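Chemist: here's a sequence, model it:
(2 chains)
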Protein chains: 2
Amino acid sequence: MSDWQEILGGVTAPKGYRAAGIAAGLKPSGLPDLALILSDVDAIAAGVLTISQVRAACVDYCRQRLQAKLCARAIFCNAGQANAATGEQGWQDALTSAKAIAQALEIPAESVLLASTGVIGQRIPMDALLSGIPELVSTASETGSDAAAKAIVTTDLVTKSIALETTIDNRPVRIGGIAKGSGMINPNMATMLAFVTCDAAVSPSLWQQMLSRAADKSFNQITVDGDTSTNDTLIALANGQSRTAAITQMGPVAEKLEAMLTAVCQHLAKAVARDGEGATCLIEVQVSGAPDDNAARRIAKTIVGSSLVKSAVFGRDPNWGRIAAAAGRAGVRFEQENLRIQLGDFLLMENGQPLAFDRDAASGYLKQAAAGEYLKGDTVLISVSIGNGHGTGTAWGCDLSYDYVKINAEYTT
Amino acid sequence: MSDWQEILGGVTAPKGYRAAGIAAGLKPSGLPDLALILSDVDAIAAGVLTISQVRAACVDYCRQRLQAKLCARAIFCNAGQANAATGEQGWQDALTSAKAIAQALEIPAESVLLASTGVIGQRIPMDALLSGIPELVSTASETGSDAAAKAIVTTDLVTKSIALETTIDNRPVRIGGIAKGSGMINPNMATMLAFVTCDAAVSPSLWQQMLSRAADKSFNQITVDGDTSTNDTLIALANGQSRTAAITQMGPVAEKLEAMLTAVCQHLAKAVARDGEGATCLIEVQVSGAPDDNAARRIAKTIVGSSLVKSAVFGRDPNWGRIAAAAGRAGVRFEQENLRIQLGDFLLMENGQPLAFDRDAASGYLKQAAAGEYLKGDTVLISVSIGNGHGTGTAWGCDLSYDYVKINAEYTT
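Modeler: Next up is the predicted model:
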């Protein structure tokens, strides 16, 4: 099947990376809140940043840096304060953070990328952040990925981490990643962050193209409640320490690397969707027969984002009508006579009309899926075909439970 | 202020209209399920129909009729079965329904418009429908609006009705309307239906333009959960029985009529949003300072549709961060430095940064608003300005409560 194997080590699995995570007192809880990912040498850096008009200072900072300079050595992240809606002061805080970590690492400030997550409208407590830097830098190690993964979470129930290895030129090439986010759902603690490391040598523009395409098939295809954060950040570094030949154009080797990058992003994206607040299971929607992949992805995301579909899954109700209605309003033209809907192995609708099916058994499938193991057996699969086109696409989300409302109604700013 | 006054009578308030509603056994509950609205003479007909790719037979039927012929005499509606996803048989049932009611009314079948609401994938029980027609026709009267309003509902908690009167050429001109829908939220009983009657004389193209613009400022600006139905239908008749001069182009008189039509549509739209399942209050979002009205409407609708904002209002939490984040992701460019957010009289954010405000008092405003009288005092007002543009727009929705999840998770197909 796939051309790679899963290995341990997260973002420090690829060669030439170190990471750290410590508690510096930014979170009232006292939990870890500063993370560092460090490449031993200059790494090609690519990024996908929130398109919201209301953005955190670190997002504007990364956009500037990535436009001016395609290399980076370090990603420095704080959790607890989003540093969004903090105006000129927030911007100065971002600059000060970058300068301080660069000084401690003895690298140029331009080689630092920043990310923040936490409460919107709150400044980072700069004294705490600056005091934490020496410990953060001194503890950075080749086994530090888990510590970093723990230090970037806010309301996440679990940390998200993955590493994959393949072979190029008979040498191992690895990609690792960590992420945080329980969907975009927890308002002021919102935000999806993902950091990916790779030890292949790739040209800057190719690496950015690969990352953008991978994001379109992963992070851009998950939704918990449709809310986009002020701080959403995906950064990927490629430092060439695998000592494999530089990949400068698309071809079999580049495709292999991109496929593995996409797999890393999809694993992390699914983990974020699965951790949506109140979720009891992961929902995967696969769409085929669309005019093109974009159209298929759009329909998949509309279905998985529908509150009605999400509520039905929570209620273990095989409700094909809600799936059909969501497909119909996705903004993609199709003939309803061609609509086909399947839930797990149960064919619910064909040629645009409902079929007789064993409702209890289909409901049983939903119950069983939700009882599965986290990210292993706990996936509800919805397959939809809209015609004879070659476009396919997948999206991921989670069900909508009482706890979603509880968490979001009772959360106080 | 406004150039009109509210009167009684709903869709039978304008001259030359009759209406009826009866129980014909289509709903298992035995409640009224067939409605008829009838104009004594040919009326100019305009419509706005669902843009979903999965449509009920009655929607395709109305689209054909409205394209071929701009006059109608009757609107015939059944509740209980959506007649969507019913294929060729559903289409035949629609034709049979139109023919049967036309025969009973002694009018051409082409003069009948149809609407259905209820369970997707279920055929209309044609025997019951056909047996009900004689009673429906014989009870149609100039005071039948309430009966019709009751017969078009499904899971609505209240019926929705309005009538307004103004003066043109020293003669009274009236517009009345009834609607059903508890948002788009109740899956298989989804659907927003609205029927408007008017006794002015208007040219067909002008009437359609007025209705489309009014829909953009009303029905298209409400959301309960973002789900669009297979059956959404808005039909407006204008029969000229006020005996006022024909309105054939825009000008002061046309503007007056359009303003009143918009007011009728907005009243009905707000009533639908307020009746969103589980809702405890109506939320109104007013956006100003946008480059144009479309942009303002888009931001308003994004905010009012945000699950995070809706949960916050249910939790009586003055959470400006969620409002700012929703504004930022609406797809409209603005400078975050210009963002201003107000909740009732409380200014929460200015120049893109949070202000100190009395949190308990602001939370008190939310509690008070939710305790208000249905559609009178129970409106939470959120005002947002994004710059110096002249574009303004308003959208309406409701809060997101535990009951929303309960209703939609436990509803079984």
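Chemist: the stretch 201-350 of chain A: helices as residue ranges?
Modeler: A:204-216, A:252-274, A:293-305, A:307-314, A:320-328 (DSSP state H, counting those that start in this stretch).
Chemist: okay if I get those as CSV plus mean pLDDT and distance to chain B?
Modeler: In this view, the C-beta of every residue, glycine as well, is placed from N, C-alpha and C. Listed next are the helices of the stretch 201-350 of chain A as CSV, based on pLDDT from 0 to 100; distance: least, Cβ to the nearest Cβ, whole Å:
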stretch, mean pLDDT, distance to chain B
helix A:204-216, 96, 16
helix A:252-274, 95, 15
helix A:293-305, 94, 8
helix A:307-314, 87, 3
helix A:320-328, 90, 3
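Chemist: want to throw these into TSV with distance to B:Ser39 and mean neighbour count?
Modeler: Output for these, formatted as TSV (distance: least, Cβ to Cβ, whole Å; neighbours: other Cβ atoms under 10 Å in any protein chain shown):
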stretch	distance to B:Ser39	mean neighbour count
helix A:204-216	52	19
helix A:252-274	52	22
helix A:293-305	39	24
helix A:307-314	36	27
helix A:320-328	32	28
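Chemist: can you redo those helices as TSV with distance to B:Glu337?
Modeler: Formatted as TSV, these follow (distance: least, Cβ to Cβ, whole Å):
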stretch	distance to B:Glu337
helix A:204-216	28
helix A:252-274	30
helix A:293-305	31
helix A:307-314	33
helix A:320-328	37
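Chemist: among those helices, which is nearest B:His267?
Modeler: helix A:307-314 (25.7 Å; Cβ to Cβ).
Chemist: may I have that closest one as CSV, with CA atoms only?
Modeler: Presented in CSV, the C-alpha positions along helix A:307-314 are these (Å, rounded to 0.1, in the frame of the first residue of the first chain):
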residue,chain,number,x,y,z
SER,A,307,-25.0,20.5,12.1
LEU,A,308,-27.9,18.3,11.0
VAL,A,309,-25.6,15.5,9.8
LYS,A,310,-23.4,15.9,13.0
SER,A,311,-26.4,15.8,15.3
ALA,A,312,-27.7,12.7,13.5
VAL,A,313,-24.4,10.9,13.9
PHE,A,314,-24.4,11.8,17.6
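Chemist: what packs against it?
Modeler: strand A:282-290, helix A:320-328, helix B:402-410 (3 or more Cβ pairs under 8 Å, 6 or more residues apart in numbering or on different chains; DSSP states H and E).
Chemist: which of these sits closest to A:Trp91?
Modeler: Between the helices and strands packed on helix A:307-314, strand A:282-290 lies closest to A:Trp91; by Cβ to Cβ that is 37.8 Å.
Chemist: any residue of the closest one touching chain B?
Modeler: No. Strand A:282-290 lies out of reach of chain B by Cβ under 8 Å from any Cβ of the partner chain, never closer than 11.7 Å.
Chemist: now do that strand and helix A:320-328, the angle between them.
Modeler: 60 degrees (axes from the mean of the first three to the mean of the last three Cα atoms, to 10 degrees).
Chemist: what residues sit buried inside strand A:282-290?
Modeler: For strand A:282-290, the neighbour count (16 or more other Cβ atoms under 10 Å in any protein chain shown) marks A:282-290 as buried.
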